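K.L.:
Give me the fold of what follows.
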Amino acid sequence: MLHKVLLSLIFCFVSVLTKAQLSGSLESNSALYIDDAKIKLEQTDAEQRFRSNNYLRLDYKLKKITAGVQIESYEPKALLNYAPSLKKTNIGTYYLNYRNDTIGLDVTIGHFYTQFGNGLVFRSWEDRQLGIANSINGAMIKYNPINAIKVTTLYGKQRNGLGNDFSNSTIAAVNTDIELSTLFKAKKIKYSAGLSYVNRKETDMPFANLKKSTYLTSFRADISANGFSADLEYVFKSKDALVEFNNVRPEFQFDGEAYLLNFSYAKNGFGITGNFRRLENFGMYSERKLAGNVYNQALINYVPALTKQYDYSLTNIYVYAAQPNLSFDPDRNKAGEIGGQVDVFFKLKKDTKLGGKYGTNVSINFSYWGGLKGRYDALQRKYAAEGFGFGQKYYSDFSIEIRKKWNKKWSSVITYVNQYYNARYVEEAIGEVNANTFVFDNTHKLKKSTSLRWEVQHQWAKGRFNNWAAATAEFNFNSQWSVFATDLYNYGNDDVNNRLHFYNVGTIFNKGAYRFQASYGRQRGGLICVGGVCRFVPQSAGVNASINISF
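P.N.:
Residues are numbered from 1 along each chain as shown. Here you go, the predicted structure:
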C-alpha cells in the first residue's frame, strides 16, 4: 500500500511542477549464451539462451524535495547465477526525500541506502555486477542538532526481489556520530566517536524457544593528526540460532562479535595502511534461513574481504572471500576469521638511479587470514574460540607493484603476486594452492589521442588448476572508441579436456553520457569480486552487450 501511495505522489509531483530538474540513467546488460566445442550450458540454464538485466532510474528534484523510481527488468530471465527472486519487470526502488540543510534535517520515505561506520553493523547498498540491492523500504530520518552531532534513525523491511518482495522481518536502527574535536574545539587533532544499534525482528518465527529479535550494537572511535589516522570498532551480536543447509536450528544458539582496526600514515611520498579484523559468528541476514546464501541476498552488515583488490585476470583466480559464519562441518569446523593486511607505498624520486627521469611508484602488500583457534565439537554443536588465536590458515598473499614511466610515450606496470589459497575452507572445494603470478602491463601513446595497451601474464601454480598464461591487447583509436582481445589459457590443468582458452574479443564506445560495449568469447567460472564481496559465476560462452546512458 505504501509504495502505491508514494508512486502516486511522485507522478503527481512531476506533472504539476514543471520546473523540476530531471535526471536519470539507463543500464542494460545482456548475453546470448551458446554451446561451443568445449563449453556447454547445464540443462537447467540452457532453457533460455538470451538473458538480460535492465535498470531505468529517474530522479526529480525541486528545491528541497527529491523523488525517484527505479524500474528493473530481468527478461526473459536474469543473467546466469543472479538470485531467483530477480525476475520479470517491476519496480525495484522508489523514494521521496526532503532535505533542509539549514535546520539539519533529511527525511526519506520509500527505499533508501545508508551505512553506519565501516558497515560492520549495518550497510544497505546496490551493486548490479554482484546482484546486490538490499535497500530498506520504510522511513529514514537524519538529523544534525548541531554540526558536531549526526543522528540517523530508520525503520522498514529489506528488499528481497522486485515490487512487493521483502524479507520476512523488520529492521529498526539508530546511529549517532559525534565529532568530539569539534565540540572541544581541538585544532591539531581530530577525534570522534560513534554508536549504533540495529535490531532485526522476524515477523513469522515458528520456534517457541527462539526470540524473534536479534540485535547488533557497535562502538567506534577514530583519531587523526599529522598524516596519521586510526579507527577502532567493536560490534556485539546477540544470540541467534545456528543455520545449517538453510535449516534453522533453534536448539543451538550463539552470540557473536567483531573487532576492526584500520590505520594509515602518509607523508612526503611515503605511505602505509593496515587493517586487522576478527570476526566470530558474525553473519547477519534479514532472514535466518538465508544465512550464507550464494547470492548475497538479505545481507544486513558489510563484511568484505580485507585483501588487496587486484586488477588482472590471473591475480583474481584465487580470491579470498570473508569467512564470518559458524560451521560445524567435521572436515572444516569454522567459527569466523582473524587476520589483516598491510600496504606500503612510496615514490622513488625523479632524476635518481632508481627513480629515473620520471620517478617510480612502488607498492608492497601483505595479507594473512585464518580461522579462529579453539575447541570444536561437531557432534554436539559446541565450540570455544580463543580471543586472538590463529587457527587453520585460509589465505595469504604478498605482492609488489612497480609503476614506471620510461619516456613520454611509454609507461609500464610490473606486478608480482604470491598467493596461498585453502579452497577447502574458503569455498568448500578440494585442495590447497600455492601460486606465483607475474604481470607486465604496458601503455604506448602513439598519437595525440591514440594508444596501445598490451599485457602478458603468467601464473605458476601448484594445486587445483595448475599453470595459466594470459595476454591482452587493447587499441584506443581515440578517447571514444577502442577494441580489445584477451585470452586466458589453462595449459597446466591435469585434465587435458579442461585445458581451455578463455578468449574474448570486443569493442567499447564512449561519448559523453553514452557508453556501449560488445564482446564475444568465454567466461571463466569462479568467484567474481567487487570491493571484497564475491559471487560465483558459472563457466559460459557467448555474446555479451552492455549499454549505459546518463541524462
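K.L.:
what residues are up against the residue lying closest to Gly110 once chain neighbours are set aside?
P.N.:
Closest residue in space to Gly110, ignoring its immediate chain neighbours: Tyr95 at 3.6 Å, by CB to CB, 6 or more residues apart in numbering. C-beta coordinates here come from the backbone N, C-alpha and C atoms, glycine included. By CB atoms under 8 Å, 6 or more residues apart in numbering, the contact set of Tyr95 is 6, 66-69, 108-112.
K.L.:
Tell me which stretches of the stretch 151-300 of the chain form strands.
P.N.:
Here the stretch 151-300 of the chain has its strands, by DSSP state E, counting those that start in this stretch, at 169-178, 190-202, 213-225, 228-244, 247-267, 270-280.
K.L.:
What would the third one look like as PDB? C-alpha coordinates only.
P.N.:
Taking C-alpha atoms only, strand 213-225 is exported to PDB below (Å, rounded to 0.1, in the frame of the first residue of the first chain):
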ATOM      1  CA  SER A 213      14.600 -10.300  17.600                       C
ATOM      2  CA  THR A 214      18.400 -10.300  17.200                       C
ATOM      3  CA  TYR A 215      20.400  -7.100  17.600                       C
ATOM      4  CA  LEU A 216      23.800  -5.700  16.800                       C
ATOM      5  CA  THR A 217      25.500  -2.900  18.900                       C
ATOM      6  CA  SER A 218      28.600  -1.000  17.800                       C
ATOM      7  CA  PHE A 219      31.100   1.300  19.400                       C
ATOM      8  CA  ARG A 220      33.800   3.000  17.300                       C
ATOM      9  CA  ALA A 221      36.300   5.700  17.700                       C
ATOM     10  CA  ASP A 222      38.800   7.400  15.400                       C
ATOM     11  CA  ILE A 223      41.700   9.900  15.600                       C
ATOM     12  CA  SER A 224      43.800  11.700  13.100                       C
ATOM     13  CA  ALA A 225      46.800  14.100  13.300                       C
END
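K.L.:
where does this structure dip in pLDDT?
P.N.:
By pLDDT under 70, the low-scoring segments of the chain are 1-19.
K.L.:
all helices for it, in order.
P.N.:
With DSSP state H as the definition, the chain shows helices at residue ranges 2-16, 180-183, 423-426.
K.L.:
Ignoring the adjacent residues along the chain, who's closest to Leu96?
P.N.:
The nearest residue in space to Leu96 (CB to CB, 6+ apart) is Ala67, at 5.0 Å.
K.L.:
Check Phe112 too.
P.N.:
Nearest to Phe112 is Met140, by CB to CB, 6+ apart, at 4.9 Å.
K.L.:
Do I have it right that that neighbour meets Val107?
P.N.:
Yes - Met140 lies in contact with Val107 (CB atoms under 8 Å); the separation is 7.4 Å.
K.L.:
Looking at the two, which is more packed in?
P.N.:
Met140 (23 against 14; other CB atoms under 10 Å).
K.L.:
bridging residues for that one?
P.N.:
Residues in a beta bridge with Met140, per DSSP bridges, are Thr108, Leu154.
K.L.:
And Ala133, by the same measure?
P.N.:
So, taking DSSP bridges as the rule, Ala133 has Glu126 as bridge partners.
K.L.:
For it, list the residues it contacts.
P.N.:
92-93, 126-127, 159 are the contacts of Ala133 under CB under 8 Å, 6+ apart.
K.L.:
Of those residues, keep whichever come out buried.
P.N.:
Using 16 or more other CB atoms under 10 Å as the burial test, those include 92-93, 126, 159 as buried.
K.L.:
and Ile430, how many neighbours does it have?
P.N.:
9.
K.L.:
ok, it touching Asn422?
P.N.:
No - Ile430 is beyond contact range of Asn422, at 10.7 Å (criterion: CB under 8 Å).
K.L.:
on that earlier part again, output the strands of the stretch 151-300 of the chain as TSV; include the columns mean neighbour count and distance to Glu455.
P.N.:
Shown next, in TSV, are the strands of the stretch 151-300 of the chain (neighbours: other CB atoms under 10 Å; distance: least, CB to CB, whole Å):
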stretch	mean neighbour count	distance to Glu455
strand 169-178	19	43
strand 190-202	19	41
strand 213-225	18	37
strand 228-244	19	34
strand 247-267	16	29
strand 270-280	19	26
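K.L.:
Which of the ones you listed sits closest to Ala485?
P.N.:
When the strands of the stretch 151-300 of the chain are compared by CB to CB, strand 270-280 sits nearest Ala485, at 35.3 Å.
K.L.:
Within its sheet, name the partner strands of the closest one and how each one runs.
P.N.:
Strand 270-280 has the following strand partners under DSSP bridges: strand 247-267 (antiparallel), strand 336-348 (antiparallel).
K.L.:
quick one: that strand to strand 228-244, angle?
P.N.:
Orientation of strand 270-280 against strand 228-244 (axes from the mean of the first three to the mean of the last three CA atoms, to 10 degrees) gives an angle of 30 degrees.
K.L.:
Extract the C-alpha set from strand 270-280 and format it as PDB.
P.N.:
Output in PDB follows, covering the C-alpha atoms of strand 270-280 (Å, rounded to 0.1, in the frame of the first residue of the first chain):
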ATOM      1  CA  PHE A 270      55.700   7.500   1.700                       C
ATOM      2  CA  GLY A 271      52.500   5.900   3.000                       C
ATOM      3  CA  ILE A 272      51.400   2.800   4.900                       C
ATOM      4  CA  THR A 273      47.900   1.500   5.500                       C
ATOM      5  CA  GLY A 274      46.800  -1.500   7.500                       C
ATOM      6  CA  ASN A 275      43.700  -3.400   8.700                       C
ATOM      7  CA  PHE A 276      43.200  -6.000  11.400                       C
ATOM      8  CA  ARG A 277      39.900  -7.800  11.900                       C
ATOM      9  CA  ARG A 278      38.500 -10.600  14.000                       C
ATOM     10  CA  LEU A 279      35.000 -12.000  13.300                       C
ATOM     11  CA  GLU A 280      33.200 -14.600  15.300                       C
END
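K.L.:
what comes up buried for stretch 281-299?
P.N.:
Buried residues in stretch 281-299 (16+ other CB under 10 Å): 281-288, 290-291, 295-299.
K.L.:
Most widely separated two among those residues?
P.N.:
Asn281 and Tyr295 (21.2 Å).
K.L.:
what's the spacing between Lys187 and Ile146?
P.N.:
Lys187 sits 18 Å away from Ile146, going by CB to CB, to the nearest Å.
K.L.:
which one of these two has more residues nearby?
P.N.:
Using other CB under 10 Å, the more surrounded residue of Lys187 and Ile146 is Ile146, with 11 against 6.
K.L.:
Which residues are in contact with the more buried one?
P.N.:
Contacts of Ile146 by CB under 8 Å, 6+ apart are Gly104.
K.L.:
Report the beta-bridge partners for it.
P.N.:
Ile149.
K.L.:
quick one, what contacts Phe477?
P.N.:
450, 483.
K.L.:
what's the answer for the one 4 residues further on, then?
P.N.:
If you count contacts by CB under 8 Å, 6+ apart, Trp481 has them with 507-510.
K.L.:
can you rerun that using 6 Å?
P.N.:
The contact partners of Trp481, by CB atoms under 6 Å, 6 or more residues apart in numbering, come to Phe509.
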